[in-house]
Structure formats: C-alpha cells, structure tokens
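Trainee: Pasting the sequence and the predicted model now:
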Number of protein chains: 2
Amino acid sequence: MSTQPDGDGAPPNLFAVAARAGVSKSTVSRVITGSPHVTKESVAAVRAAIAELNYVPNRAARSLVQRKSHTIAMVIPERTAEFFADPYFAEVIQGAALHASSTGYTLTLLIESEANPDKTRQFLTGGNVDGALVLSHHTSPQNYAEVSPALPVVFGVRPLQPTSPAVHVVDVDNVEVGFRATRVLIEAGRRRIGTITGPLDTAAGIDRLEGFHRAVAQAGLGGDLVEQGDFTPGSGTAAMQRLLERDSTLDAVFAASAQMGSGASTYLRDRGIPVPQAMALTSVDDNFFAASQFITTMDLHTAEKGAVMVDTLLALVQGRDVPLITTIHCDLVERSSV
Amino acid sequence: MSTQPDGDGAPPNLFAVAARAGVSKSTVSRVITGSPHVTKESVAAVRAAIAELNYVPNRAARSLVQRKSHTIAMVIPERTAEFFADPYFAEVIQGAALHASSTGYTLTLLIESEANPDKTRQFLTGGNVDGALVLSHHTSPQNYAEVSPALPVVFGVRPLQPTSPAVHVVDVDNVEVGFRATRVLIEAGRRRIGTITGPLDTAAGIDRLEGFHRAVAQAGLGGDLVEQGDFTPGSGTAAMQRLLERDSTLDAVFAASAQMGSGASTYLRDRGIPVPQAMALTSVDDNFFAASQFITTMDLHTAEKGAVMVDTLLALVQGRDVPLITTIHCDLVERSSV
DNA sequence: CTGAAAGCGCTTACAG
DNA sequence: CTGAAAGCGCTTACAG
C-alpha cells in the first residue's frame, strides 16, 4: 500500500532482484560479482532490476561467505594521536580514506589504546579486517610484524630496528629529503649551516639528519650545528635560539619539519634577522606552516602516500607480490626563504 | 600436528568453543551475548574455552543475523576535507574514534565525494552502517535529514536552515562562545573592539558574530568593526590589517578561530604593536595555534564533542529518546593576550 | 537452564 | 549460460 516502488520495511535482497529480473539468484550474484558467464540480456535485466529496487548488496552476507571483510584498518597508536594536530597525519588519513572508498574497501579508524594493546591486536587478528595500515613514529613495528603473517600490514614509516619477518613499508626516502633540503642551502652559497632535527628516536628524525650530514660533508662543510626538536613549532623556536647562541655566524638552517621551520622563522622575525638575507631556511612537508611563512620546503606528497599505502595493502590482501619498500617521490617547493 | 593449541588454518568458530566447553552452540552464544539464563558453571566453561582457543566472534555472521553492522560512519564532505588541516576536525575524529572503540562499535571514515554524492548516500542507506556522524560547516544537512528516518544521523554543526525533519545536533553554543570571548575584552576595560569572523555562510561564523554583537551592545559599545575571515591564519592576518586601517584607535579584537587569532597576532608583532598592552586579543578553540601565541581563548572541548556525538548516535541506534540538541560546554582559557 | 532447528543474505561448486 | 542446493558463522524463537 506504499507509493514507493521498493516497499517499506526490509531493504530488497538478492531474491527480490532475481524475481524482478526473471532470473535465478545465482545469475544475479554473477552479475554483481562481474562474472563473464552471463548473457547480455540477463545482465541488462538484472541491472535494471537493481536500479529499480535501489538494491545494495548486504556486505555482512558477502563477507560471511567470502571470508573477507572488505575492510581495512588504519591503526593510529595513541601516542601518535597526541600528534594528531600535525597536519601530516590528517593528510595521510585523508589520502587513504579517499582512495579506499574508490576501491570499494572501507577504512576503519582504530586508535590503539596504550592501556589495552591486546584489544587492538585481537580486533585485527579476529577476522574483522582484511589488512591494516600502521601509522606511527614511535611504536615498535615488531608488535605488528608478528601479526603480519596472519594479516597483511603496511607501515607508513620504516622500522627503527629490522623486524622479523620484514614488514612492508611505504615512505619517502628521508635521507634524500634531508640531503636535498640541505643542498639547496649549499647551492645558495651558504657556508655555515645548522639543522633542527626531529626526535632522534624516530626514523624520520634520524634519516633526515643523515641526509643533512651527507650534504654538508660532500660540500666540505661542518656538520656540528645540530639541535634536536620534536617536530612542533615551539621546539623549532627553541632550537633556533640555541643554534644562534652556539654560532652567531650561522647563515642557514635546515629544519626537519615545516612546523619547526615556522617556529624558527617566528624567532628570526622577532629578533629582526631577515630571511633569507641573513638566514636561509628550508624545511620538510608542504603544508600551511611552510606556506604561511614562505618557507622553501620538501613536498612529501603525503596524501598520495596514503593512497599508495592502500594500494600496497590491497595488493597484499589479494596475494599479489609487492616489494617490501615502496618509495614515494619528493619534490622541492621553492619559496622565498632561500 | 601443530604445536599450537588452536590449530592452523581457519580461526576457531562457535562450534569449536562449544565442543571444548562441552555445551551446545546456543549456550556459547548466550554467554557471548550476555544472556542471564546460563548457569555459572556453563559460563565458566565457555569463558575458559574462549580463552584457550583465542576465539573472537565473527562480526559478519553476527551482523547478518542481527541486521546490525555495529559500525558507524563519520562522514566528512570533501570540502571539509580540504580543511582537514584544521586541528578541529582531527580532534573531533580522534575523540569519536577513541570513544567508539570503547563501545564495541567500529568507526568508518567516509569522505563524501562531491563528484558522486549518491555513492555516499547509497553506502549509508544500504545497511552498511547503523548510523552516521556528519561533520561539516557547509554541506546542507537537508540531504542527510532525508536519510535520517531510515538511518540515525547526528550532526556536529547546527544546520543553517531548519530542516525537515529536524536533525540531531551536538555542538557548543557558539553565541555563548562569541559572547564570552568578547566579554573578556570588555571586562579588561577595552572600549574599541573589533572582530574577525569566520565565514558568514557557516553556523559557527554567524553565531560567534552574534555573540560578539550581543556583548558589545550590552556594554553600550559599537559593533561596527567586523571583518570576515575563513578560519585560516592567513585570513586572520589580512583581516587584522583591514581592521587597523579602518580604525587606528582599535584596542581589542575577538577572532572567531585560534588560527585566525594566530594570524592576527603575527601581524601585530610584525607591526610592533604589543599584545596585550596596545591590543588585546581573544580567540576560539584551544589548540597549539592559541597556545603558541599565548592567546586567551575559548576551549570548546572538541575531543569530548566527538565522544558525545558517538554516544548520542548510539542512543538513537538503540531506539532511545535523545534531545534534538546536545550542548557541549565551553570554558575560557586565560593566557597573556588580554 | 539448555539444545536442535531454522534462517539471516549472500556466493560457489555442481549439474545440466 | 543457468539454476537448485549447500553452507559461511552466528542468533533466536521454540520445545523441553
């Protein structure tokens, strides 16, 4: 007695579509799964019925029989969550979510509680997801390497220690990132170059510093002016001050994050030190911290990285062979700080 | 022949647990669902078997029979996604994800593609999720109000236009937010007060401006110094400049976001205008933009808002009665900008 | 309190 | 190419 064609109450199921299209459930299923063994006429009839009924397949039923959840988890350890304010993570997640939806997979956000890490691992290994993306600077990937044989896992950061078994990683080459960002300063004629590093217990922090050291060494310059930050603007300000106190002839700084670069830039402005005339500056990551301070920076293609992480994971899920390391390219974005 | 007790291959199912515990599948199911009609002995036996086998219930099977996905979606329209860099969204999402996981529900991130909005709505109404959280300043909630009878939906922002049917909203009272942030300036003795608004096609922008107007009117002050921004730091800098050009006697500014406040603060510093001596400043949202510039600001308890959105949605999902509007309290955080 | 049976909505061999 | 049947792993009345 409803005016709506699809009736009220329960949503239409395969059986309803089959009845309307005048075929069997098997045929409807074949059309939906894209099987080639169906006549054009049947395909057309089924498609029409699906459209008329506004039919959407039940994921639970499909998952049950296929033993696939069509869901992937994005695991964000709680400590990283504190750093959620870092645009970097938001951008990776956005890139991953956007791409996942285009593949028919669903992205579940899983914040790993430090109080109860077993809960997260149980969720992951309990067949709720087909694979997991792990984003973290700190958490030991060894924990996940262990679930890895049971569940495909892709990391967004290279592990600090080699894991066993080895894990799949998608990331930029942070040594290259540090090298190129430092080279720019050298090519601009700077001779007394310092660096504000990220935390030196993170792969990104360590590798970018290594890149810095290689670049200055290659140019025959000193690599002694190193101050550590924690990727936040405030730490950049403080490190900039320390650097200047250590050597007043400093004429260039490579900051290992745009946030720290912006903190350094703020300090320089407050002290009336003109950029780039008296001090050249480069940083890492192209976000509004870099943009608003006009800092020449390395674009890490972070959203793309999120998408590639999804692709890599899905390849693994489908049993395809994937190299252990996928490197995301990086680019120099020139602004007015050099 | 495996040394592991849980064998290899397929994960243990209900049947395996039942066999090990020496009871029927029905009894195991009752223990898992928390039915009271089970003897203590049976409960103990089943729990032991579950622990020994490391059994995790299959969500797909449960969803299929219960017609519940135990999943809720966080819908982020693409336009909002551009603003993903705004710590505000990250914080809401984090709060929601953390709380959802503690309730046994799974949070799926759904980025609404502008190219194909039907896809998102189809996913939502196709029985894939039990409810949806919608976060957006711009998107017309009317679109979602329409799916609302079929699917519980909770909004993080009040709709600009009344919708039909009315939708559930969880948000701070932005009029109060604007009022209080302006009052602080008045109480500090400022007489010539301007405001940098958010976009005036958003509820937050409109309501915070309304709060500003009420406060200055109540104090018998003028409410003419209004410049619009878009919540970003850059727009705050530009608006601050326009305000100063319009009236050089300006002695206080209420910025409707911490990002804009920080942009304004940057401008003031560059011009050598001391804060708070020559210019007092307040803003909205307590994040590192406010903290790093020492701005007195309104704490919107954003992570808590995410959690409350989840609670509200789950109440709706469970058929409980929920008020249409849930107001999150806000607090003043005093720093040195006033 | 407990168990056997039916069924949730799909997919997948198996015949034809 | 197509359909009837079995089964994925649970939960839920229904008897007992």
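Mentor: Everything's here; your move.
Trainee: all strands in the stretch 51-200 of chain A, in order from the N-terminus.
Mentor: Counting by DSSP state E, counting those that start in this stretch, the stretch 51-200 of chain A forms strands over residues A:71-77, A:106-112, A:131-134, A:153-155, A:168-172, A:193-197, given from the N-terminal end onward.
Trainee: Can you give me the neighbour number for residue A:292?
Mentor: Residues lying near residue A:292 (other CB atoms under 10 Å in any protein chain shown) number 19. C-beta here means a position set from N, CA and C on the backbone, and glycine is covered the same way.
Trainee: Give me the pLDDT value at the closest residue in space to residue A:15 that isn't next to it in sequence.
Mentor: Residue nearest to residue A:15 in three dimensions, not counting chain neighbours: residue A:25, with 6.0 Å by CB to CB, 6 or more residues apart in numbering or on different chains. Turning to residue A:25, the model gives it a pLDDT of 90.
Trainee: For residue A:27, give me its contacts.
Mentor: Residues in contact with residue A:27 (CB atoms under 8 Å, 6 or more residues apart in numbering or on different chains) are A:18, A:21, A:38, A:42, A:46.
Trainee: By mean pLDDT, flag the weakest helix or strand of chain A.
Mentor: The element with the least model confidence among the helices and strands of chain A, by mean pLDDT, DSSP states H and E, is helix A:78-82, at a mean of 61.
Trainee: Which residue is the nearest non-sequential neighbour of the residue of the stretch 101-250 of chain A found nearest DNA strand C?
Mentor: Closest approach of the stretch 101-250 of chain A to DNA strand C (CB to the nearest atom of the strand) occurs at residue A:104, with a separation of 11.4 Å. Ranked by CB to CB, 6+ apart and with sequence neighbours excluded, the top spatial neighbour of residue A:104 is residue A:70, at 6.6 Å.
Trainee: go on, residue A:178?
Mentor: Using CB to CB, 6+ apart and skipping residues adjacent in sequence, the residue nearest residue A:178 is residue A:211, 2.4 Å away.
Trainee: what residues are up against the one you found?
Mentor: The contact partners of residue A:211, by CB under 8 Å, 6+ apart, come to A:174-182.
Trainee: can you check residue A:240 too?
Mentor: If you count contacts by CB under 8 Å, 6+ apart, residue A:240 has them with A:196, A:227, A:253, A:263-264, A:267-268.
Trainee: Of those, which pair is most distant in space?
Mentor: A:227 and A:268 (14.4 Å; CB to CB).
Trainee: Can you tell me the element the residue nearest to residue A:178 falls in?
Mentor: Secondary structure here is read from DSSP states H and E; on that basis residue A:211 sits in helix A:203-218.
Trainee: which residues of chain A fall in helices?
Mentor: With DSSP state H as the definition, chain A shows helices at residue ranges A:14-21, A:25-33, A:40-53, A:59-66, A:78-82, A:87-102, A:117-123, A:142-147, A:174-187, A:203-218, A:233-246, A:258-270, A:288-292, A:302-317.
Trainee: mind saving the C-alpha coords of stretch A:280-292 as PDB?
Mentor: Listed next in PDB are the C-alpha coordinates belonging to stretch A:280-292 (Å, rounded to 0.1, in the frame of the first residue of the first chain):
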ATOM      1  CA  ALA A 280      68.300  31.000   4.700                       C
ATOM      2  CA  LEU A 281      65.800  28.400   5.800                       C
ATOM      3  CA  THR A 282      64.400  25.100   4.400                       C
ATOM      4  CA  SER A 283      62.000  22.600   5.900                       C
ATOM      5  CA  VAL A 284      60.100  19.400   5.200                       C
ATOM      6  CA  ASP A 285      56.500  18.900   4.300                       C
ATOM      7  CA  ASP A 286      54.400  21.300   2.300                       C
ATOM      8  CA  ASN A 287      51.500  22.500   4.500                       C
ATOM      9  CA  PHE A 288      50.300  25.800   5.700                       C
ATOM     10  CA  PHE A 289      53.100  26.100   8.200                       C
ATOM     11  CA  ALA A 290      55.500  26.200   5.300                       C
ATOM     12  CA  ALA A 291      53.200  28.200   3.100                       C
ATOM     13  CA  SER A 292      52.300  30.900   5.600                       C
END
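Trainee: Could you list the buried residues of that stretch?
Mentor: A:280-292 (16 or more other CB atoms under 10 Å in any protein chain shown).
Trainee: likewise stretch A:29-49?
Mentor: Going by neighbour count (16+ other CB under 10 Å), the buried part of stretch A:29-49 is A:29-32, A:38, A:42-43, A:45-46, A:49.
Trainee: Contact partners for the residue in the stretch 101-250 of chain A that chain B sits nearest to?
Mentor: Taking CB to the nearest CB as the measure, the stretch 101-250 of chain A has residue A:126 as its residue closest to chain B, at 3.1 Å. For residue A:126, the contacting residues are B:11, B:56-57, B:59, taking CB under 8 Å, 6+ apart as the criterion.
Trainee: CA atoms of stretch A:191-205 as CSV?
Mentor: Taking only C-alpha atoms (Å, rounded to 0.1, in the frame of the first residue of the first chain), the coordinates of stretch A:191-205 have been written out as CSV:
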residue,chain,number,x,y,z
ARG,A,191,78.7,28.0,4.3
ARG,A,192,77.7,27.8,8.0
ILE,A,193,74.7,25.6,8.0
GLY,A,194,72.8,24.2,11.0
THR,A,195,69.9,21.8,11.3
ILE,A,196,66.9,21.4,13.6
THR,A,197,66.3,17.7,13.7
GLY,A,198,63.2,15.8,14.6
PRO,A,199,63.2,13.4,17.6
LEU,A,200,66.2,11.2,17.1
ASP,A,201,64.3,8.1,18.2
THR,A,202,62.2,8.3,15.0
ALA,A,203,63.2,7.1,11.6
ALA,A,204,62.3,10.4,10.0
GLY,A,205,64.4,12.3,12.5
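Trainee: would CSV of the contacts of residue A:126 with distance to residue B:190, pLDDT and neighbour count be doable?
Mentor: Rendered in CSV, the data for the contacts of residue A:126 read as follows (distance: CB to CB, whole Å; pLDDT from 0 to 100; neighbours: other CB atoms under 10 Å in any protein chain shown):
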residue, distance to residue B:190, pLDDT, neighbour count
B:11, 66, 78, 17
B:56, 60, 87, 16
B:57, 61, 89, 18
B:59, 57, 89, 23
